[in-house]
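1. The sequence and its predicted three-dimensional model are supplied below.
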Amino acid sequence: MRAARRPLAARLALATVLATASACATASAVPTTPSAARVDGSTARSLSQQGALLVDVRRPDEFAAGHLPGAINVPYDQVGSRTAEIGPTSATVVVYCRSGRRSAVAAETLRNLGYVHVYDLGPMSAWPDEPSPGPQ
């Protein structure tokens, strides 16, 4: 009922602001914050074969217990301070961890630092053991 007491011009201005905000929130074709692409194991393997850097963002003891071939270890909470090991912001990077939580954090950190080719495998278990066979 309070809206009825406002002058018509104020109600129209408020309606315009709300409609514009709603349209911007739902119809935005370009995200305002870049996000890392989540990829499946086959895609991650292909990216790696094409030269992408595999970054295991788990703890060093987890990495020592086993990791993907060719991966380097940069714990997720150290990604921002160890970019020299990851390379230039134009580098293609695939991050992974045990469950996907730490890799998502690491991927977001890299994107916020200006890396444009960041892919999040999520859990290491998503990596395929062998290349998938072709048509039989």
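-> Received the coordinates, thanks.
2. Point out where the protein drops to low pLDDT.
-> For the chain, the stretches flagged by pLDDT under 70 are 1-36, 130-136.
3. Helices of that one, start to end?
-> Listed in chain order, the helices found in the chain under DSSP state H are 2-5, 8-27, 41-49, 60-65, 83-86, 101-112.
4. For the third one, which residues meet the burial criterion?
-> What that stands for is helix 41-49. Neighbour-count burial for helix 41-49 flags 41, 43-45, 47-48 (criterion: 16 or more other CB atoms under 10 Å). Any C-beta I mention is one placed from the backbone N, CA and C, and that applies to glycine too.
5. Same check on stretch 85-101?
-> Using 16+ other CB under 10 Å as the burial criterion, the residues of stretch 85-101 that qualify are 86, 91-98, 100.
6. what about residue 126, distance to residue 41?
-> Taking CB to CB, to the nearest Å as the measure, residue 126 and residue 41 are separated by 4 Å.
7. any residues in contact with both of those two?
-> With contacts defined as CB atoms under 8 Å, 6 or more residues apart in numbering, no residue is shared by residue 126 and residue 41.
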